[in-house]
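1. After the sequence you'll find the predicted model.
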Amino acid sequence: MKTFPNNFWWGAATSGPQSEGRFNKKHANVFDYHFEIEPEKFHNQVGPDVASNFYNSYKEDIHMMRSIGMNSLRTSIQWSRLIDDLETNTVNQDAVDFYNNVIDTMLAEGMTPVMNLHHFDLPVELYDKYGGWESKKVVELYVGFAEKCFELFGDRVKFWATHNEPMVVVEGEYLFQFHYPNIVNGKKAVQVAYNLNLASAKAIHAFRKLNIADAQIGTILNLTPTYAASDAPEDQEAARIAELWNNKMFLEPAVYGHFPAELEELLTKDKVLWETSDEEKEILKNNTVDFLGVNFYHPNRVKAPDVAPNSVGEWMPDRYYDAYDMPGRRVNLDRGWEIYPKALYDIAVNIKENYKNIPWYVSENGMGVSNEERFKNSAGMIEDDYRIEFVQEHLDWLHKGIEEGSNCFGYHMWTPIDCWSWLNSYKNRYGFISNNIHTQIKTIKKSGYWFKEVTERNGLEG
């Protein structure tokens with residue numbers, strides 16, 4: 001029997017824009033707007049308008065989550081829903097009532113609410129007016145929104161996160177064109193990365209000023225470990241720089257309150273370093289996280305770049321490394337991602353040895369599979385044995401990391417109920433619970449029943 005620590009979080013993660021639907025929402029976020037102007041970019045032209053109908057069915061949904069053993073749920077408060085006037089941070093009372101009801105329902109079910117403040121869903125008006133996260137004005141407006149959340153819900157929500165996967169905002173919006181506004185501008189990308197770090201620190205500062213009893217605040221990072229293609233010096237150097245950019249860009253400020261010197265040197269040499277000030281450096285230094293949320297799906301394997309890094313053209317971080325496809329790797333062919341559960345152990349050891357053994361939890365892990373109807377049995381249940389195997393293998397490696405002293409306090413799968421996934425819409429399904437998006441009828445998958453057994457024994461057999 002592999003037993004996990006007492007009071008271990010067994011749960012799952014979703015987000016406001018991916019679950020709630022646009023019902024009764026005053027402002028459009030960048031994804032709402034992108035779907036309005038280019039619906040053809042979204043799989044089967046399915047947008048965020050209904051999502052999984054959580055706005056209307058949260059009571060039934062949360063009850064179903066609890067029925068499969070979940071003792072915690074991470075979701076997000078939508079800036080574009082909660083705030084009426086984005087400049088003055090007046091609140092929308094319908095939104096306040098909705099989030100109060102969601103939180104109270106979780107607590108009544110015996111579940112710990114974990115609330116995130118930013119999940120790729122910047123109000124589009126702030127992009128149009130100020131350039132979004134390129135602007136320190138938007139940083140200040142975000143902090144005002146965060147303060148409203150703490151004041152309104154901090155009496156019951158004791159775990160907060162400032163961002164989810166901020167690097168995805170940088171890469172999707174400013175480098176690799178998979179999130180609106182689909183810009184390719186390396187210097188802007190670097191400034192956005194800095195501003196997101198600054199926004200996190202300033203929100204933490206606002207949180208701590210309120211002295212909320214027994215409450216903690218962290219951030220959620222996709223800490224994809226970097227593996228070099230070989231021991232060759234060129235491949236090792238590629239991995240070192242990839243690690244600096246992909247992981248340490250957000251991890252070092254979150255835990256240590258400053259950026260890696262090597263990263264600053266590289267960005268200075270390339271003439272793309274962010275604009276900062278001594279005052280902002282102090283804010284970063286003095287407002288580090290209480291805990292980390294860690295999202296992990298697949299490893300990041302790199303090799304030395306085929307083209308020299310000092311070639312002429314737009315600055316991109318990946319001029320220093322190329323992706324490497326390891327021969328013989330296991331892959332989720334539907335999503336194209338390598339399956340490598342040992343990376344979760346490597347993350348656990350890295351946090352223990354290099355990041356103060358800070359308390360952390362797995363805030364997302366999962367596998368997206370398309371056409372899951374093909375695995376439906378005669379009783380109508382999806383027999384997703386592949387998901388059970390995936391989660392079990394990751395939990396095995398996570399348990400090993402905990403046994404060796406890594407301070408992990410929970411595991412959240414992505415996601416409780418099949419949710420809307422940005423440009424992929426509902427192409428790949430991730431949930432313990434399936435969702436018929438036409439009828440909004442939700443059905444527990446085989447993995448959901450398996451997960452309940454894991455939670456009841458607080459561990460794995462064998």
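-> Yes, it's here. Numbers count the residues shown, from 1 in each chain.
2. CA atoms of the helix ranked longest in the chain as PDB?
-> What stands out as the longest helix in the chain, according to DSSP state H, is helix 186-209. Output in PDB follows, covering the C-alpha atoms of helix 186-209 (Å, rounded to 0.1, in the frame of the first residue of the first chain):
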ATOM      1  CA  GLY A 186      10.200  38.800 -28.600                       C
ATOM      2  CA  LYS A 187      10.800  42.100 -26.700                       C
ATOM      3  CA  LYS A 188       7.100  42.400 -25.900                       C
ATOM      4  CA  ALA A 189       7.100  38.800 -24.800                       C
ATOM      5  CA  VAL A 190       9.900  39.400 -22.300                       C
ATOM      6  CA  GLN A 191       8.200  42.500 -20.900                       C
ATOM      7  CA  VAL A 192       4.900  40.600 -20.500                       C
ATOM      8  CA  ALA A 193       6.800  37.800 -18.600                       C
ATOM      9  CA  TYR A 194       8.200  40.400 -16.300                       C
ATOM     10  CA  ASN A 195       4.900  42.200 -15.800                       C
ATOM     11  CA  LEU A 196       3.100  39.000 -15.000                       C
ATOM     12  CA  ASN A 197       5.800  38.300 -12.300                       C
ATOM     13  CA  LEU A 198       5.300  41.800 -11.000                       C
ATOM     14  CA  ALA A 199       1.500  41.500 -10.900                       C
ATOM     15  CA  SER A 200       1.900  38.300  -8.900                       C
ATOM     16  CA  ALA A 201       4.200  39.900  -6.300                       C
ATOM     17  CA  LYS A 202       1.900  43.000  -6.000                       C
ATOM     18  CA  ALA A 203      -1.200  40.800  -5.600                       C
ATOM     19  CA  ILE A 204       0.700  38.900  -2.800                       C
ATOM     20  CA  HIS A 205       1.500  42.200  -1.200                       C
ATOM     21  CA  ALA A 206      -2.100  43.300  -1.300                       C
ATOM     22  CA  PHE A 207      -3.200  39.900   0.100                       C
ATOM     23  CA  ARG A 208      -0.700  40.100   3.100                       C
ATOM     24  CA  LYS A 209      -1.800  43.600   4.000                       C
END
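3. next helix or strand past that helix?
-> Of the helices and strands lying after helix 186-209 in sequence (DSSP states H and E), the nearest is strand 216-222.
4. Can you tell me which helices and strands whichever helix or strand comes after that following strand packs against?
-> Counting by DSSP H and E, the next helix or strand C-terminal to strand 216-222 is strand 226-228. Here strand 226-228 touches helix 233-243, strand 300-303, going by 3 or more C-beta pairs under 8 Å, 6 or more residues apart in numbering; DSSP states H and E. C-beta coordinates here come from the backbone N, C-alpha and C atoms, glycine included.
5. 10 Å instead?
-> helix 233-243, strand 300-303, helix 342-354 (3 or more C-beta pairs under 10 Å, 6 or more residues apart in numbering; DSSP states H and E).
6. Out of these, which one sits most buried?
-> strand 300-303 (a mean of 22; mean count of other C-beta atoms under 10 Å).
7. so how far is the very next helix or strand once past that one from its chain's centroid?
-> Using DSSP H and E, the helix or strand that follows strand 300-303 towards the C-terminus is strand 322-323. Centroid separation for strand 322-323 versus its chain: 23 Å, with C-alpha atoms, centre = their mean, to the nearest Å.
8. just checking, what packs against strand 322-323?
-> Under the contact criterion of 3+ C-beta pairs under 10 Å, 6+ apart, strand 322-323 touches helix 233-243, strand 300-303.
9. Tabulate these (JSON lines), appending mean pLDDT and distance to Arg429.
-> Output for the helices and strands packed on strand 322-323, formatted as JSON lines (pLDDT from 0 to 100; distance: least, C-beta to C-beta, whole Å):
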{"stretch": "helix 233-243", "mean pLDDT": "98", "distance to Arg429": "30"}
{"stretch": "strand 300-303", "mean pLDDT": "98", "distance to Arg429": "24"}
